[in-house]
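Chemist: Curious how this folds, go ahead:
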Amino acid sequence: MENSSPKSITYSHKWSYDVFVSFGDDTITKSFVDHLFSAFKRKGIRAFKEDEHMNIGEERFPQIYSAIEQSRFLVVIFSNSYASSPLCLRKLVKILECKEKEPHKYLIRTVFYHITPEMVVKQIESVDIIFKKYESEGKTEVTRLKEALTKAANLPGWDLKVMANGYESKFIDMISKHLFNELNVGPLHIGEKLVGVHLGVERMNLQHFTWSSEVHMIGICGITGIGKTTIAKAIYNRLYAHFDICSFCENVKEIVEKHGMIQLQKQVIEDITKEDLKVSSVGEGSNVLKRIMISKKVLLILDDVDELDYLEALAGSINWFGPGSLILITGKNRQLLNSHGVENIYEVEPLQDDVAMELFSLYAFKQKQPKEEFKGLSDQVVGYMKGHPLTLKVLGCFLFSKSLSEWKSELSRLGKNPIDDVQVLISRYSLNKKRNPA
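Modeler: Alright, predicted model coming up:
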């Protein structure tokens, strides 16, 4: 059932945090990091913060080391004060040890804040007084700290002056966007030209749901082709590593119509449990799903749902799921989602003109902006499509490599016979007539 079966995934690493940040103790660096954490929060990036996530009364170092081990990205911010901090150096040793033991599991990113890699290496020579404090622990410890500092300083990194000409707000935006985009690389393929998709994800304030111990059921609503499925896939890729069980059920309506609800339930159960359990009725399938999910932190995405029966069979209520679970449902019918008790429903908005132009140009010209001689005609296309992603993509593909006269002819035809129905518009220009737009 390719393209018509539910997609689930299991994975070997379950992260508690997206990012662990190691930084110096000086006031200026702390201010920079505070703004960086705020940018992370706005993008739904889960960053470990000692003042929020440390348990009072427990030893500090074991908690910090555990947080490092449970973080996907390990960010080291080098500054003038970094090498003079014993705690920073010990964190750095731990970070490099994690990377050395499991190189494919952890990703290290270095940041050079008002300092160059060469200056970091020279700090080793100028902090002998600091290192002498470790003499009681033996020369081996001192050597490890120096080696870690040298090794990390030579890793490729982000330099404030080189990348942002010293502008901190721009630098923070670049770092947070880079991590956000890397965190969105996951098991589901969602294409290469993801213009505007991550903006839609950011608006949903996902951190509110991923940090919560409560069960949340949220919805994404909008017309055909507006990007609901693509956004849902981006969310799945962004969050899957934080849950015990994950399942992405694509094209629920199509699967049920072709194969029946019992088959869909069986497939989801099998993907989650890796067992071929016998299910003889929809009611029995619902009971099995509830039994395997009620004690787990679950990420369940149900895509393209148009019947209340489907929701009742696959996610009857929040009581089916363990603490911290997130159920996301996409569909066109907002009232259907309301009637099932979906707490937050996000309406997918059309793309802004500049974003729409970039998306259209990527398909029509294979570049982010239209060719000079096609700018006026491209403005007409973007205006006609009113920020609808799929129609921009379909028409861009249709017009690709066509001559100026062919563009004018097609736009003239559209002007004389305007099409308000999105489905009809997609059908006319689609190069793949079998495509089922989401």
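Chemist: and the helix or strand harbouring G415, which residues are buried?
Modeler: According to DSSP states H and E, G415 maps onto helix 404-416. Neighbour counts over helix 404-416 (16 or more other Cβ atoms under 10 Å) mark W407, E410, L411, L414 as buried. Yep, even glycine has a C-beta here, placed from its N, CA and C like the rest.
Chemist: Which elements pack onto that helix?
Modeler: Here helix 404-416 touches helix 375-385, helix 389-399, going by 3 or more Cβ pairs under 8 Å, 6 or more residues apart in numbering; DSSP states H and E.
Chemist: wait, which of those is closest to F32?
Modeler: Nearest to F32 among the helices and strands packed on helix 404-416 is helix 389-399 (36.1 Å), distances taken as Cβ to Cβ.
Chemist: Give me the angle between the closest one and helix 404-416.
Modeler: Counting by axes from the mean of the first three to the mean of the last three Cα atoms, to 10 degrees, helix 389-399 lies at 140 degrees to helix 404-416.
Chemist: residues making contact with helix 389-399?
Modeler: With contact meaning Cβ atoms under 8 Å, 6 or more residues apart in numbering, helix 389-399 is reached by 193, 196, 224-227, 230, 351, 356, 359-364, 381-382, 385, 406-407, 410, 422, 425-426, 429-431, 437.
Chemist: where does this structure have low pLDDT?
Modeler: The chain contains residues with pLDDT under 70 at 1-14, 125-140, 192, 198, 207, 419, 431-438.
Chemist: that older thread, and the contacts of helix 389-399, which are buried?
Modeler: Buried subset of the contacts of helix 389-399 (neighbour count, 16+ other Cβ under 10 Å): 193, 196, 224-227, 230, 351, 356, 359-364, 381-382, 385, 407, 410, 422, 425-426, 429-430, 437.
Chemist: need the contact list for the residue lying closest to E373 once chain neighbours are set aside.
Modeler: Spatially, and ignoring its direct neighbours in sequence, E373 is nearest to L404 (6.2 Å; Cβ to Cβ, 6 or more residues apart in numbering). Contacts of L404 were listed using Cβ under 8 Å, 6+ apart, and they are E373, F374, L377.
Chemist: What separation is there between the last one and S339?
Modeler: Same thing as L377. For L377, the distance to S339 equals 45 Å [Cβ to Cβ, to the nearest Å].
Chemist: Which one of those two is surrounded by more residues?
Modeler: The neighbour count for L377 versus S339, taken as other Cβ atoms under 10 Å, is higher for L377 (17 against 11).
Chemist: That one reaches S409, doesn't it?
Modeler: No. Because the distance of 10.9 Å does not satisfy Cβ atoms under 8 Å, L377 is recorded as not touching S409.
Chemist: quick one, strands of this protein?
Modeler: 7-9, 17-23, 71-78, 107-112, 157-159, 216-221, 245-249, 298-302, 326-331, 344-347 (DSSP state E).
Chemist: Among those, which comes closest to G285?
Modeler: Of those, nearest to G285 by Cβ to Cβ is strand 245-249, at 13.0 Å.
Chemist: The closest one - which strands sit beside it in the sheet, and in what orientation?
Modeler: Strand 245-249 has its sheet partners listed here by DSSP bridges as strand 7-9 (antiparallel), strand 298-302 (parallel).
Chemist: check contacts around E358.
Modeler: V195, K368, Q369.
Chemist: switch the cut-off to 10 Å
Modeler: K193, V195, G196, L351, Q352, Q367, K368, Q369, P370, V382, L392 (Cβ atoms under 10 Å, 6 or more residues apart in numbering).
Chemist: Output those residues as CSV; include the columns distance to N319.
Modeler: Putting the contacts of E358 into CSV (distance: Cβ to Cβ, whole Å) gives the following:
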residue, distance to N319
K193, 40
V195, 39
G196, 36
L351, 38
Q352, 40
Q367, 51
K368, 47
Q369, 51
P370, 52
V382, 46
L392, 42
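Chemist: farthest pair in these?
Modeler: Q352 and Q367 (19.1 Å).
Chemist: How far away from the center of its chain is stretch 279-297?
Modeler: A distance of 28 Å separates the centroid of the chain from that of stretch 279-297, by Cα atoms, centre = their mean, to the nearest Å.
Chemist: what do you get for stretch 346-366?
Modeler: Taking Cα atoms, centre = their mean, one finds stretch 346-366 lying 19 Å from the centre of the chain it belongs to.
Chemist: measure it end to end?
Modeler: Using Cα to Cα, to the nearest Å, the span of stretch 346-366 from its first residue to its last is 31 Å.
Chemist: Kindly report the same for stretch 414-428.
Modeler: 11 Å.
Chemist: cool, stretch 213-230 as well?
Modeler: For stretch 213-230, the first-to-last residue distance is 27 Å (Cα to Cα).
Chemist: Would you mind measuring from D34 to A67?
Modeler: From D34 to A67 the distance is 18 Å (Cβ to Cβ).
Chemist: Which one of those two is surrounded by more residues?
Modeler: Shown here are D34 and A67; by other Cβ under 10 Å, A67 has more neighbours (20 against 10).
Chemist: so how far is S71 from the closest residue in space to that one that isn't next to it in sequence?
Modeler: Nearest in space to A67, with sequence neighbours left out and distances taken as Cβ to Cβ, 6+ apart, is F48 at 4.4 Å. From F48 over to S71 the distance is 6 Å, taken as Cβ to Cβ.
Chemist: Residues that sit against both of these two, list them.
Modeler: With Cβ under 10 Å, 6+ apart as the test, F48 and S71 both reach S16, Y17, D18, V19, F20, V21.
Chemist: from these, which two are the most distant?
Modeler: S16 and V21 (14.4 Å).
Chemist: With neighbour numbers in mind, choose between the two.
Modeler: Counted by other Cβ under 10 Å, S16 and V21 do not tie: V21 has more neighbours, with 21 against 16.
Chemist: who touches the more buried one in this structure?
Modeler: 33, 36-37, 40, 47-49, 71, 73-77, 91, 109, 111.
Chemist: 6 Å - rerun?
Modeler: Contact partners of V21, counting by Cβ atoms under 6 Å, 6 or more residues apart in numbering, are V75.
Chemist: cool, and M357?
Modeler: V382.
Chemist: can you do 10 Å?
Modeler: Contacts here follow Cβ under 10 Å, 6+ apart; on that basis M357 touches V195, L351, K368, Q369, P370, K375, S378, D379, V381, V382, G383, L392.
Chemist: and the closest residue to S317 other than its chain neighbours, how many residues sit next to it?
Modeler: Using Cβ to Cβ, 6+ apart and skipping the chain neighbours, the partner closest in space to S317 is G341 (7.0 Å). Neighbour count of G341, defined by other Cβ under 10 Å: 10.
Chemist: Check R291 too.
Modeler: 11.
Chemist: Number the residues from 19 up from this point.
Modeler: Sure, I'll start numbering at 19, so the last one becomes R309.
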